[in-house]
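pasting the sequence and the predicted coordinates here, then a few questions.
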Amino acid sequence: MGGLVWLASYPKSGNTWLRAFLHNLIKNADAPVDINDMMQFSVGDSQREWFAEAAGRPVEELSEDAIAKLRPAVHRRFTELSKNSVFVKTHNMLGVDRGVPLITMAVTSGAIYVVRNPLDLVLSLAPHFGLTIDGAIALMAMADGGSRPDPGNVSQRFGSWSANVKSWTRRATPQLHVVRYEDMHDRPTETFGGVMRFLGLDHPAERLERVIRFSSFKELRAQEDAHGFREKSLHAERFFRSGKKDQWRGRLNAAQVAAIVGRHREQMARFGYLP
């Protein structure tokens, strides 16, 4: 059995970009790995099929209380997928739902948390959930923020942006590695190299640079243009948009910036995001 390594983030923070890097790193192929094959390498903690398997009946028959109680069993089932570490994508906060932990620490060996400037994140969050910018700002401020069940997933409990970030990053431990989206963009060799070393891997610089190129935002977007991406939201025209930073400067008005900063100042200051 393998311990779980959580790939955690608030939605639209760069989690999929991280997964693409890890997939290409581990596969070490001569060409970029298909983005639609990523679930062969990692699992999502909200995927419906795991809860149906654990319950022995369709997810549609399960209450939210039942879903919450099944999470530890689902997480233990993940450990059976490999004798090595098992990567698990999550947008859930590191907290409790209906008295049950959203993250089962007893089967956890580590976590990589990706954080992104909420001023930019909101521009991706809005189309992903079919919201206006103001609606996305409101979602990011909700203490009980989350997503409803959809055809592929059970409900998720990610809380507010600040609560999500704080829950995962408030304690520095050797088992946690925190990555800023902006550093993935500006300093890819240093940032992705740090992820590699955190996982105890020591691959040559040539391999790291190739993998960074194979998992670049440009490559991911090109693949989606060519044959789509199965994880794209039903609300959005595309999953991989521009991948740039500081777009908020030309997109958000003063009131929207003030609303985000006013609600999330403490965590924004921690990560250098205050304008």
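Sure thing, it's come through.

which residues of this protein score low on pLDDT?
For the chain, the stretches with pLDDT under 70 are 1, 226, 228-243.

what segments of the protein are helices?
15-27, 48-55, 64-78, 118-128, 133-141, 161-169, 181-186, 188-198, 205-214, 217-227, 248-251, 254-270 (DSSP state H).

centre of the chain versus the third one, how much separation?
Its chain's average C-alpha position is 19 Å from that of helix 64-78, according to Cα atoms, centre = their mean, to the nearest Å.

tell me which strands and helices that helix is in contact with?
Here helix 64-78 touches helix 48-55, strand 86-90, strand 100-101, going by 3 or more Cβ pairs under 8 Å, 6 or more residues apart in numbering; DSSP states H and E. From N, CA and C alone the C-beta is placed, and that goes for glycine too.

export it as PDB, just CAs?
What follows is helix 64-78, C-alpha atoms only, in PDB (Å, rounded to 0.1, in the frame of the first residue of the first chain):
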ATOM      1  CA  GLU A  64     -24.600  14.200   2.100                       C
ATOM      2  CA  ASP A  65     -24.200  12.700   5.600                       C
ATOM      3  CA  ALA A  66     -23.500   9.300   4.000                       C
ATOM      4  CA  ILE A  67     -21.000  10.900   1.600                       C
ATOM      5  CA  ALA A  68     -19.100  12.500   4.500                       C
ATOM      6  CA  LYS A  69     -19.000   9.200   6.400                       C
ATOM      7  CA  LEU A  70     -17.600   7.400   3.400                       C
ATOM      8  CA  ARG A  71     -14.600   9.600   2.900                       C
ATOM      9  CA  PRO A  72     -12.200   7.700   5.200                       C
ATOM     10  CA  ALA A  73     -13.100   4.400   3.500                       C
ATOM     11  CA  VAL A  74     -12.600   6.000   0.100                       C
ATOM     12  CA  HIS A  75      -9.200   7.400   1.100                       C
ATOM     13  CA  ARG A  76      -8.100   4.000   2.500                       C
ATOM     14  CA  ARG A  77      -9.100   2.400  -0.800                       C
ATOM     15  CA  PHE A  78      -6.800   4.900  -2.600                       C
END
